[in-house]
Structures are given as structure tokens and as C-alpha cells.
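Take this sequence and fold it.
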Amino acid sequence: MSIHEITLVTMEFIKAHQIWALPIIFLLSFGESLAIISLVIPATAILLAVGALVGAELVPFLPTLLAASLGAICGDWISYWLGKHYHHKVINSWPLKKHPKLVYRAEQFFQRYGVMGVFIGRFFGPLRAIVPLIAGAMHMPNLRFNLANVLSAPLWAFVILAPGAFGMQWLTPLFG
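Model prediction:
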């Protein structure tokens, strides 16, 4: 099944079963932020499409933003915890050992930017879930990590939902 097909099926399910929208959004954001899992699920595409459901008023914006934020916070926190408790064992195991350049880039990014690297890393594709893992492996203090994690998640959720949620409202007067 292609990413497009998975996205369409998920959107149809959410439309038909709106009671499941927030748990699905939470799980998608959680998976998108969880080390290793984020490399295999097409959550970004689906979350962008969820924004269109918000724009069509099929799901409410604030609860959707909250569900996406909480999922991202939890995914990053677990990635951080894994890094902190399992150090380089996690980095040297599958599938990360097959992507040493990605791990190296994440380490360099984190060393260069520190706590801001955790904040900024959330906005860069595959680094999104690797940076918290490496922050944990490098023993970043919990408070500093959690501050960056909790502050960046709502902004990330807004950025990922906004094009669909607000884009149609901006374009309709131009092309309506």
C-alpha cells in the first residue's frame, strides 16, 4: 500500500468514525516522534491531511492540536529515555546501525546546538526522532530536555496542521 493510499484510508476512517480522530492523531504524532518507528510510518503525510479535516470542520482544531502535541511529547520522551538508559546499544542496533550518517548528523547537530538542537530537531524529518535518542545517550539533563520537548511540540503540531486547517480558508477567496 502506498503512502497516498494509507493516507486516504486513514482520512476516510476518521471521517466515518470521528470519535477515533483524537486517539489516532495522538498515535500518529507519537509514532512520528518515536525513535525507529518514525522511519517506517507515513505519519507526516497523514497529519498534513488531518489538517484538511480541521479546515473542513470535521475535527476541532484545539483538541487536534493538543492530541498531536501530547503524542509528540510522549514519543520524544520515550526516545530520550531509551537513549539515556540504553546509551549506544540503541544506536548500534538495527535499523540505526544501517544509517550511520544519519546518527552522525544527529550527533553533530546536537553537539552544535545543545538544548536548542532538541527544539530545532523536531522540525527536520528523520532527525525528529533521532535527536531525543541521542540527547538521552549524551545524558542531557531531564529538565533541559523536557523544556525543549514540551515547548517545541505545540509549535510543531501547529506547523503540521496549519496548511490544511487554514490553507483552504486563505485560498478560497482567491480561487472561489
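
Any buried residues in the host helix or strand of residue 49, and which?
Using DSSP states H and E, residue 49 falls within helix 43-55. Applying a neighbour-count criterion of 16 or more other Cβ atoms under 10 Å, one finds 43-44, 46-55 buried in helix 43-55. (C-beta placed from N, C-alpha, C; glycine too.)

Same question for stretch 5-22.
By neighbour count on 16+ other Cβ under 10 Å, the buried set for stretch 5-22 is 7, 10-11, 14, 21-22.

helices and strands around the strand or helix carrying residue 8, which ones?
Assigned by DSSP H and E, residue 8 belongs to helix 3-16. Helix 3-16 makes packing contacts with helix 21-33, helix 43-55 when contacts are defined by 3 or more Cβ pairs under 8 Å, 6 or more residues apart in numbering; DSSP states H and E.

of all the buried residues of helix 43-55, which comes closest to residue 102?
residue 44 (16.4 Å; Cβ to Cβ).

residues in contact with that closest one?
By Cβ atoms under 8 Å, 6 or more residues apart in numbering, the residues touching residue 44 are 32, 125, 160.

and those, which are buried?
Neighbour-count burial within the contacts of residue 44 applies to 32, 160; the criterion is 16+ other Cβ under 10 Å.

Out of the contacts of residue 44, which one has the weakest pLDDT?
Among the contacts of residue 44, residue 125 carries the lowest pLDDT, at 74.

Any chance of the buried residues of stretch 5-22 in CSV with distance to residue 111 as columns?
Converted to CSV, these look like this (distance: Cβ to Cβ, whole Å):
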residue, distance to residue 111
7, 36
10, 37
11, 40
14, 40
21, 39
22, 37
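
Skipping adjacent residues, who's closest to residue 58 in space?
Excluding the flanking residues, the one nearest residue 58 by Cβ to Cβ, 6 or more residues apart in numbering is residue 15, at 6.0 Å.

isn't the one you found right next to residue 57, touching?
No - counting by Cβ atoms under 8 Å, residue 57 is not a contact partner of residue 15; they are 11.8 Å apart.

rewinding a little: can you flag the weakest of the helices and strands packed on helix 3-16 by average pLDDT?
Mean pLDDT values for these show the minimum at helix 43-55, a mean of 87.
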